[in-house]
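Participant: Could you look at this predicted model? Sequence included:
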Amino acid sequence: MFRNDPQRTGVYHTSRVRQLNGVKWKFKAGGAITSSPTVADGKVYVGSEGQSLYAIDAQTGKQVWTFGLEDEMTSSPAIADGMVYFSGHRKTPYSGDIFYALDMHTGSIKWEYLAGAELTAPQSICCDETDKLRVRIRLSGGDLQPSPVIVDGTAYFGSDYLYALDSKTGKEKWEFYMQCCVSSSAAIGEGVAYFASHLGTLYAVNLGTGIDEWRYYTEHGGIESSPAVMNGLVYIGGDDGNFRAIDVRTGNEKWSLDVGSRITSSPAIADGLIFFGSDGGYMYALDVNTGTQKWKFQAGGMIESSPSIADGVVYFGSTDGYLYALNLQTGQEQWQFKTDGPIISSPTIADGVIYFGSKDGYLYALH
């Protein structure tokens, strides 16, 4: 799943790529890949803007099956109980986000759930809590496809609402209404889902009841970064350039840091540090308890890719087309790898191999 665990920590418990040997294989998709891959049972699952979800053999890079969609796929798939879950977009006969559950071995549909259906154009008005018009955004499809998380037999995914569905049947358990659409992938911690809206509100919703426990409001801008939760704090970046740590019990801010540029990269947490990128081109490492900066590294472009961590190394992509590997403690560059397009996809690490997509239309496996 996106960020590897329900808490969205971005940590992979596998060996790192100590020295880059090169490309193990690369797979050409039908369009740019901004979806982050998921590896399970010897296969790599990833979506593309070419309107397809692919299952690819992790050893050979050969296609096992593909599932066609009506629109581009930027959601990152989740795997549980023999099924692959992801969000897509249906254009006809109704416009709306659609949540799929497929057999992970064959790609056949187990069930599907249509959310946010509307007969008119795919543009909708997004209002704040006082019903004052703030922004106009696209509520479904395109770049708005939060990635699902599966916990204890329930699939949680965001669209116009946050939905909780039975993961085996697709039957709705509850939906959480909000004044604007879900813009981030939910993180799960101790019975609570944490997620954000395009209007800059961070929500904490009880998994048992579907009722919010608190809301945190940013003063300026929206939130596109997904939260991570650990040790009583939920961490998230904002379009206003602030990275925040929020107390999970009260919803009060513990600390924040203004990095001066938009943050859409989602954080990773390891060894008492939290890592995230910014549109200013920096990867930051902060102390999780105080927000004190330990180091920062400048890439050659914006960092919208979310960092992934394995065995003391931080991996991430940049719009300059490079995948970077940095020492977790020092920020020193270990190596870099160039593709022919911007990298928005977040890396997945499994068995000493790094999988990630590029806007050049390839899924890469590096070792």
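Facilitator: Perfect, thanks for sending it.
Participant: Tell me, please, where in the chain the pLDDT is lower than the cut-off.
Facilitator: 90-96, 116-144 (pLDDT under 70).
Participant: measure stretch 214-222 end to end?
Facilitator: Stretch 214-222 has an end-to-end distance of 18 Å (criterion: C-alpha to C-alpha, to the nearest Å).
Participant: In that stretch, which residues are buried?
Facilitator: 214, 216, 218, 221, 222 (16 or more other C-beta atoms under 10 Å). Just so you know, the C-beta spots here come from the backbone N, C-alpha and C atoms, and that holds for glycine as well.
Participant: what about that stretch, distance to the chain center?
Facilitator: 20 Å (C-alpha atoms, centre = their mean, to the nearest Å).
Participant: Ok, stretch 321-336 next?
Facilitator: 21 Å.
Participant: Stretch 8-16 too?
Facilitator: With C-alpha atoms, centre = their mean as the basis, stretch 8-16 stands 15 Å off its chain's centre.
Participant: Strands along the stretch 251-367 of the chain, start to end?
Facilitator: Per DSSP state E, counting those that start in this stretch, the stretch 251-367 of the chain carries strands over the ranges 253-258, 268-270, 273-277, 282-287, 293-298, 308-310, 313-317, 322-327, 333-338, 348-350, 353-357, 362-366.
Participant: Which other helices and strands does the first one contact?
Facilitator: The one in question is strand 253-258. Judged by 3 or more C-beta pairs under 8 Å, 6 or more residues apart in numbering; DSSP states H and E, the packing partners of strand 253-258 are strand 242-247.
Participant: and the strand it packs on, which strands flank it?
Facilitator: Here strand 242-247 is paired, per DSSP bridges, with strand 233-237 (antiparallel), strand 253-258 (antiparallel).
Participant: Out of these, which is closest to residue 345?
Facilitator: Nearest to residue 345, of all the strands paired with strand 242-247, is strand 233-237, at 17.8 Å by C-beta to C-beta.
Participant: would you put the C-alpha positions of the closest one in PDB?
Facilitator: Provided in PDB are the C-alpha atoms of strand 233-237 (Å, rounded to 0.1, in the frame of the first residue of the first chain):
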ATOM      1  CA  LEU A 233       1.600  12.700  16.900                       C
ATOM      2  CA  VAL A 234       0.300  13.100  13.400                       C
ATOM      3  CA  TYR A 235       2.600  14.800  10.900                       C
ATOM      4  CA  ILE A 236       1.500  16.600   7.700                       C
ATOM      5  CA  GLY A 237       2.700  19.300   5.200                       C
END
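Participant: Taking their axis directions, that strand and strand 273-277 sit at what angle?
Facilitator: Strand 233-237 and strand 273-277 are oriented at 20 degrees to each other (axes from the mean of the first three to the mean of the last three C-alpha atoms, to 10 degrees).
Participant: and strand 233-237, how far from the chain's centre?
Facilitator: Centroid displacement of strand 233-237 relative to its chain, using C-alpha atoms, centre = their mean, is 14 Å.
Participant: if we take the buried residues of stretch 214-222, which one ends up nearest to residue 112?
Facilitator: Taking C-beta to C-beta as the measure, residue 222 is the one of the buried residues of stretch 214-222 closest to residue 112, at 28.6 Å.
Participant: got the contact list for that closest one?
Facilitator: Going by C-beta atoms under 8 Å, 6 or more residues apart in numbering, residue 222 touches 135, 183, 196, 197, 198, 199, 200, 238, 239.
Participant: Skip the chain neighbours and tell me the closest residue to it.
Facilitator: Counting by C-beta to C-beta, 6 or more residues apart in numbering, residue 222 lies nearest to residue 198, which is 4.3 Å off, once chain neighbours are set aside.
Participant: same check, this time on residue 57
Facilitator: residue 64 (5.7 Å).
Participant: Who are the contact partners of that neighbour?
Facilitator: 43, 55, 56, 57.
Participant: Report the buried members of the residues you listed.
Facilitator: Neighbour-count burial (16+ other C-beta under 10 Å) applied to the contacts of residue 64 gives 43, 55, 56.
Participant: From the residues you listed, which land in strands?
Facilitator: 43, 55, 56 (DSSP state E).
Participant: re earlier: what about the residue nearest to residue 57, which helix or strand?
Facilitator: strand 63-68 (DSSP states H and E).
Participant: Tell me the first helix or strand C-terminal of that strand.
Facilitator: Using DSSP H and E, the next helix or strand after strand 63-68 towards the C-terminus is strand 78-80.
Participant: Could you figure out how far the next helix or strand after that next one is turned away from strand 63-68?
Facilitator: Downstream of strand 78-80, the first helix or strand assigned by DSSP H and E is strand 83-90. Relative orientation of strand 83-90 and strand 63-68, computed by the same axes, to 10 degrees: 40 degrees.
Participant: how much distance is there from strand 83-90 to the middle of the chain?
Facilitator: Per C-alpha atoms, centre = their mean, the centroid offset for strand 83-90 relative to its chain is 14 Å.
Participant: Pick the one among the contacts of residue 64 closest to residue 336.
Facilitator: For the contacts of residue 64, the closest approach to residue 336 (C-beta to C-beta) belongs to residue 56, at 24.0 Å.
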